[in-house]
Structure formats: structure tokens, C-alpha cells
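Asker: I'll drop the sequence and a predicted model, then ask my questions.
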Amino acid sequence: MKIVFIILTVIVAMISILLLVALFIKNEYSIKREIAISRPAKDVYGFIKYQKNQEQYSKWVMADPNMKKEFTGTDGSIGFVYAWDSEDKNVGIGEQEIIKLIEGERVDAEIRFIKPFEGVAQTSMIIESESENQVKVIWVMNGRNSYPMNLMVPFIDGMLGTDLELSLANLKTILEK
């Protein structure tokens with residue numbers, strides 16, 4: 001009985017320490033990755049503004065070929081919503097809506113996660129021309145994790161940043177064919 005009490009005390013102490021630490025960790029996160037693509041800005045923009053094209057390069061969209069997808073509105077225009085529903089816990093349920101377009105320069109979207117956790121993130125894909133046939137694509141994701149889930153904030157860049165890098169590499173491969 002004494003061992004059970006000690007084990008429970010240690011568990012309660014560890015949880016208490018984690019909850020205390022979470023009080024001092026920021027809630028917001030920002031991830032940024034970029035890649036150079038040898039194509040004119042208008043071609044790159046013409047591809048990334050269509051959310052359905054993410055099926056060809058986004059690690060997250062390609063993670064579950066059996067996920068259910070629903071589209072609302074006109075792809076490539078403000079208000080278009082790409083919703084997904086997957087049994088895969090790494091994909092879950094959510095939707096992405098185009099909220100801002102600047103022709104030839106950027107696509108902004110809001111991602112609303114429903115399962116396996118609720119949350120909202122803002123993403124931007126920004127195109128910067130480096131020459132007539134060379135651009136830099138910058139993918140930025142900003143979000144917020146409420147207490148105590150903010151314990152994950154220090155690890156988000158490493159976890160999601162790798163996925164952004166892979167997705168950008170896929171995008172480069174497709175656009176430079």
C-alpha cells in the first residue's frame with residue numbers, strides 16, 4: 001500500500017510541476033520555412049492559390065488518401081473552404097478557408113482544427129520574386145495553444161516545421177518539372 005501511495009504522490013507531483021511550468025510558457029507559436037523555386041512568380045501563385053492543389057504537395061493532405069473531403073465555394077478565391085474528415089488521428093477533422101489573396105504575392109488561409117484537438121491557425125504562403133524566373137516561397141503558420149496545451153509550444157516548430165519543409169520540397173519538385 002505504501003508503494004501505491006508513493007507512486008500516486010510522484011504522479012501528482014509531476015503533473016503539478018508540468019501545470020506550473022505551463023503558466024510561464026507563451027501561448028503563441030510561429031513557424032516559418034522557405035524554399036527557392038525556379039519558376040516565374042505568376043506560375044507559382046497560379047498553382048498555390050488553388051487549395052485543391054495541396055493534394056499534390058502538402059504532407060498533411062497526402063497523409064490519408066482515404067480521407068473525406070468537402071469543398072465549398074470557388075477554389076482560388078476568398079471564402080473557399082477545404083474541409084477534411086479522416087479516421088487517421090494524425091490528420092483528424094478540420095477545414096481551411098482562403099481569407100486573403102494578393103495577386104502574384106500571397107495566399108492567406110485560416111485553418112480550423114476540430115479533432116483530435118480544437119484550434120485555429122493562420123497560414124500564409126508568400127511569394128517573393130528574386131529574378132524573372134526565380135522566386136522564394138515562404139510558408140508561415142501562426143497559432144495559439146491554450147493552457148495547459150501551451151506546454152507543446154516549444155516543440156511545435158520542430159514537429160510542424162519538418163512537415164512544412166517536406167511540403168515545400170514537394171511543391172518545388174512539382175513546379176520545376
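Answerer: Happy to help now that I have it.
Asker: Of all the residues in stretch 148-166, which ones are buried?
Answerer: 150, 153, 156, 157, 160, 163, 164, 166 (16 or more other Cβ atoms under 10 Å). Any C-beta I mention is one placed from the backbone N, CA and C, and that applies to glycine too.
Asker: Which of the helices or strands spans the last one?
Answerer: To tie it back to what came earlier, the one meant is residue 166. Element membership for residue 166, per DSSP states H and E: helix 153-175.
Asker: For that helix, give the mean pLDDT please.
Answerer: On average, the pLDDT along helix 153-175 is 90.
Asker: chain center to that helix: distance?
Answerer: Counting by Cα atoms, centre = their mean, to the nearest Å, helix 153-175 is centred 9 Å from the centre of its parent chain.
Asker: what's the residue closest to the geometric middle of the protein?
Answerer: Geometric centre of the chain, nearest residue: residue 141, 5.9 Å, by Cα atoms, centre = their mean.
Asker: Show the contacting residues for it.
Answerer: Listed by Cβ atoms under 8 Å, 6 or more residues apart in numbering, the contact set of residue 141 reads 30, 31, 32, 121, 122, 123, 160, 164.
Asker: same check, this time on residue 53
Answerer: By Cβ under 8 Å, 6+ apart, residue 53 lies in contact with residue 47.
Asker: My reading is that it lies in a strand. Confirm?
Answerer: No - looking at residue 53 with DSSP: H, G, I helix; E, B strand; the rest coil, it is helix, so not inside a strand.
Asker: Secondary structure of residue 140: a helix, I assume?
Answerer: No - read with three-state DSSP, residue 140 is strand and lies in no helix.
Asker: hmm, who's touching the helix or strand of the chain with the lowest mean pLDDT?
Answerer: Within the chain, no helix or strand scores below helix 2-22, which has a mean of 85 by mean pLDDT, DSSP states H and E. Defining contact as Cβ under 8 Å, 6+ apart, one finds that helix 2-22 is touched by 147, 148, 150, 151.
Asker: No further queries at this time; thank you.
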